[in-house]
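> Got a predicted structure here, sequence first:
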Amino acid sequence: MEMNWKTIFVIVCALVLIQSVSASTAKEYRFDFSKPTIRDAGGGFLRVEMENLYSYGAPGEPILPLKTVKLLVPPHSRVLDVDVEGFDEEIIKLKGVVEPGQTPVPISSKKKFRVTSPSDEIYSSSREFPSEDFVVPVGVQDMRGYRILFVNLNPVKYSPSENTLSYYARMTVTLTLEEPESKALEKKPVGLFRNKRVDEDAVRGVVDNPGEIRSYKSVDESDGMKSTSLVNSSESYDYVIITDNTLNSSAGAYTFHNLSVWKNSRGVDTTIVTVEQIMADPDYECNGTFGDGCSIPEYNDTAAHIRNFIKDAYLNWGVTYVLLGGDVSVMPARGFYGYVASDPPENDTNIPADQYYAALNGSWNADNDSLWGEYDEMDLLEEVYVGRAPVETDTELSNFVRKTIHYESLSNEVPYLQKALRMR
């Protein structure tokens, strides 16, 4: 039988479609919870707590335990659906009212604190609160090229009219994933993926399903790997100090060079790069290799250039730590947008945030407007750890370096060194 060109075209298209069909898979994860602890919070209210969980309540809403689950998603999968089920539900009769969340008050506020009363809409309702078992607060986030989905679980619910709590002893989270069957795609680079053990270990310490890390074993390194005038990919550093020419040539008793020598002596490979060097390299321009495009002028300002250099240093030197060597007059801070549900509510469009230099995915301004770090633009997971030396003069620099070296010279047996608080 002879086939005309139209028949052949239809067959070829059908074959292409068949080959590009994506398979869907389901992955289930289990989480167990202890029985809530209920204690007197004062003022006739009760405080509800669960082991290893934090509690949250918006102003006027019941403060209840919450668990944020962080699930590693395979490199090229698309999350089609999230389903949560609760099991072994138990009911607890209360002898009081669950305490409500309070309106935040800025430290600088001179207003007299006013207690936020329970919301009539919630506390007079016959419905459980919260109504949903879970919330997906943001989309999939990237950490060093590993893709992580956040899911907030609500293991406890409050029934004001019944004056009861219900809680699940066990909850399951099921992800339905779509992944193309193309084998070639499995090796395609993912974001800022470096295929380094240090990154794998960092992610392992963050996610609730570390076994999924094996799905990244076949992924190639980022295609951002290349040498620039400042960063030679054949070299490697753990720590980079970024400052300007003036502070870099300081004649003080202690300088950034002393700090670099100290770090190197302790096995932390360290180097110094100046802002002037960064600004002179076209690869860090808005339309350069590491730029975010030139849609707005801020994509080409000093802060953007520095961030683009950090991307380069992260990918090609393997940098883990960055020290911003100077106050904001030397090393500019990117101002982020923030909303506070205070009384009255407040908006701030210029919160200095060095997270801009630490979390390197995206531009922090996806809609190219005047507001940076809006809710759907946030990058919650950092690629590098960023610190700042808030110095402007030789004296301030010398004091900073001297104190840093002294602190790091202390014996690990000093009691207060055994305790640390890290805020993410």
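Yes, it's here.
> Show me the domain layout of this structure.
Domains of the chain are assigned by automatic domain parsing as 24-182, 239-418.
> State the distance from Asn209 to Gly139.
Between Asn209 and Gly139 the computed distance is 18 Å (C-beta to C-beta, to the nearest Å). Any C-beta I mention is one placed from the backbone N, CA and C, and that applies to glycine too.
> any idea how far the closest residue to Ser227 other than its chain neighbours is from Asp269?
The shortest distance from Ser227 to any residue other than its chain neighbours is 4.9 Å, reached at Ser233 (C-beta to C-beta, 6 or more residues apart in numbering). Taking C-beta to C-beta as the measure, Ser233 and Asp269 are separated by 15 Å.
> ok, now Ser260?
When distance is defined by C-beta to C-beta, Ser260 is 10 Å away from Asp269.
> and what of Val330?
Counting by C-beta to C-beta, the gap from Val330 to Asp269 is 24 Å.
> Could you check which of these two has the larger neighbour count?
Here Val330 and Asp269 are set side by side on neighbour count (other C-beta atoms under 10 Å), and the busier one is Val330, at 20 against 16.
> Please name the nearest non-neighbouring residue to the more buried one.
Nearest non-adjacent residue to Val330, counting by C-beta to C-beta, 6+ apart: Asp244, 5.3 Å away.
> Can you read off the backbone torsions of the nearest residue to Pro104 once chain neighbours are set aside?
In space, Pro104 comes closest to Ser342 once its chain neighbours are excluded; the distance is 5.3 Å by C-beta to C-beta, 6+ apart. Dihedral angles phi and psi of Ser342 (degrees, to the nearest 10) take the values phi -80, psi -170.
> and Ser342, how many neighbours does it have?
When neighbours are counted by other C-beta under 10 Å, Ser342 registers 14.
> Surely Glu28 touches Met171?
No - the pair Glu28 / Met171 is not scored as a contact, 10.9 Å apart, by C-beta atoms under 8 Å.
> of the two, who's got more company?
The residue with more neighbours, out of Glu28 and Met171 and counting by other C-beta under 10 Å, is Met171; that gives 22 against 10.
> And the pLDDT at Lys12?
Residue 12: Val, not Lys. Val12 is assigned 44 on the pLDDT scale.
> which residues of the stretch 1-150 of the chain fall in strands?
Counting by DSSP state E, counting those that start in this stretch, the stretch 1-150 of the chain forms strands over residues 22-32, 37-42, 45-49, 54-56, 64-73, 78-93, 97-98, 134-135, 141-143, 146-153, given from the N-terminal end onward.
> which other helices and strands contact the fourth one?
Judged by 3 or more C-beta pairs under 8 Å, 6 or more residues apart in numbering; DSSP states H and E, the packing partners of strand 54-56 are strand 45-49, strand 64-73.
> Kindly report the same for the third one.
Under the contact definition 3+ C-beta pairs under 8 Å, 6+ apart, strand 45-49 sits against strand 37-42, strand 54-56, strand 64-73, strand 97-98.
> try 6 Å
Using 3 or more C-beta pairs under 6 Å, 6 or more residues apart in numbering; DSSP states H and E as the contact criterion, the neighbours of strand 45-49 among helices and strands are strand 37-42, strand 97-98.
> what sits against Gly101?
In this structure, Gly101 makes contact with Gly57, Ala58, Pro59, Glu61, Ile63, judged by C-beta atoms under 6 Å, 6 or more residues apart in numbering.
> try 7 Å this time
Residues near Gly101 by C-beta atoms under 7 Å, 6 or more residues apart in numbering: Gly57, Ala58, Pro59, Gly60, Glu61, Ile63, Thr116.
> Low-confidence stretches in the protein?
Within the chain, the stretches falling below the threshold (pLDDT under 70) are 1-22, 180-190, 222-225, 420, 422-424.
> on that earlier part again, so which of the helices and strands packed on strand 45-49 gets nearest Asp199?
With C-beta to C-beta as the criterion, Asp199 lies closest to strand 37-42 of the helices and strands packed on strand 45-49, at 37.4 Å.
> Show me the helices in the protein, by range?
Remark: helices assigned in the chain by DSSP state H are 5-20, 120-123, 197-204, 245-248, 256-265, 275-279, 302-312, 355-358, 394-409.
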